[in-house]
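Student: here is the input, now give the coordinates:
(5 chains)
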Amino acid sequence: MCYHNSLKKEAKEISEYYEASFEERDLFTPIFHAAGFSFPHWPIVCTEASIRKIELSEWGLIPSWAANLMEANRLRSTLLNARSETIFEKISFKNNIMQQRCLIPSTGYFEWQQVQKKKYPYFISLRNVEIFSIAGIINTWMDTETKKTKSSFALITTSANSCLEKIHNTKKRMPLIVHKSDEGKWLDNNLTETEIKRMMTPYPSEEILFHTVSNLISNFATKNSNRAEVSTPYVYPEFQQQRFF
DNA sequence: CCAGACGTTGTT
DNA sequence: GTCTGG
DNA sequence: CCAGACGTTGTT
DNA sequence: GTCTGG
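Tutor: Prediction:
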């Protein structure tokens, strides 16, 4: 699973990294932390008429058959993630994975480790890169009441690599991270199922960076977790003690 | 054929 | 809307 | 989709 | 082998 993400970059930097235009750049501000369950707007990279572009889309895929906004919001909370293992079979995803793939820029995501009865949050990022891409699928939904269309997306997950299964030790999942060298290919709309599946492997453990963070993001009472400090390293006293064993 | 599902697994 | 399970 | 049916109606 | 019910 992956429900907590960050994108701590200005629109200009994102646009430069992907060499793609970002029309709605003025509406974007860096995201230190956002939870999928709040259906945040996120810049995503996709291909339209063979041109790569960045558009703001909402996390939480709304299936085309959602009858109204209330139903859309109910449905999408279970469509924040899509399992790579079954994405070609599920009716909510199968068309999108073939024709509507996107890249979700990230500067690191958050995951919890269960130790005895407690959960400790971690910030997870990649070695030697500031921005990386998580694989996703997009859908465009028409609200029949307002006649307006809404772009939404789901983040693809895969089994955790040996490093991340120690952190996310309850479900052992991780986001499907696309190698920099595969980004163009992922956005190619002419791929076969086999070609897509070949890119669906857990990112190597050696490239993963992680550290524990404060429970700022864990606390429902926190009014706004979208602050720079959410990913600042924070060492739990009991973790320090563990090192002596 | 047709009713019912359609999805994932949070910090609660 | 489309697929699946029974 | 697939398991299970697939048939008729004596007078006994 | 083909149809039907679920």
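
Student: contacts, neighbours, all on C-alpha from now
Tutor: OK.

Student: for A:Trp112, phi and psi?
Tutor: Taking degrees, to the nearest 10, you get phi -110, psi 140 for the backbone angles of A:Trp112.

Student: quick check: it vs DNA strand C, distance?
Tutor: Noted for A:Trp112: a distance of 32 Å to DNA strand C, by C-alpha to the nearest atom of the strand, to the nearest Å.

Student: would you map the helices across chain A?
Tutor: If you assign secondary structure with DSSP state H, the helices in chain A sit at A:11-18, A:69-76, A:94-99, A:164-167, A:183-186, A:193-198, A:237-242.

Student: tell me which of those helices lies nearest to DNA strand B.
Tutor: With C-alpha to the nearest atom of the strand as the criterion, DNA strand B lies closest to helix A:69-76 of these, at 6.8 Å.

Student: ok, and what's touching the closest one?
Tutor: A:Gly60, A:Leu61, A:Ile62, A:Pro63, A:Ala66, A:Asp143 (C-alpha atoms under 8 Å, 6 or more residues apart in numbering).

Student: now do that helix: distance to the chain's middle.
Tutor: The gap between the average C-alpha position of helix A:69-76 and the chain average comes to 20 Å, counting by C-alpha atoms, centre = their mean, to the nearest Å.

Student: give me the contact status of it with DNA strand C.
Tutor: No. Remark: helix A:69-76 sits outside contact range of DNA strand C, by C-alpha under 7 Å from any atom of the strand, the gap being at least 11.2 Å.

Student: so which bits of that helix are buried?
Tutor: Judged by neighbour count (16 or more other C-alpha atoms under 10 Å), helix A:69-76 contains these buried residues: A:Ala72, A:Asn73, A:Leu75, A:Arg76.

Student: and what of stretch A:83-101?
Tutor: Neighbour counts using 16+ other C-alpha under 10 Å place A:83-84, A:87-88, A:92-93, A:95-101 of stretch A:83-101 among the buried residues.
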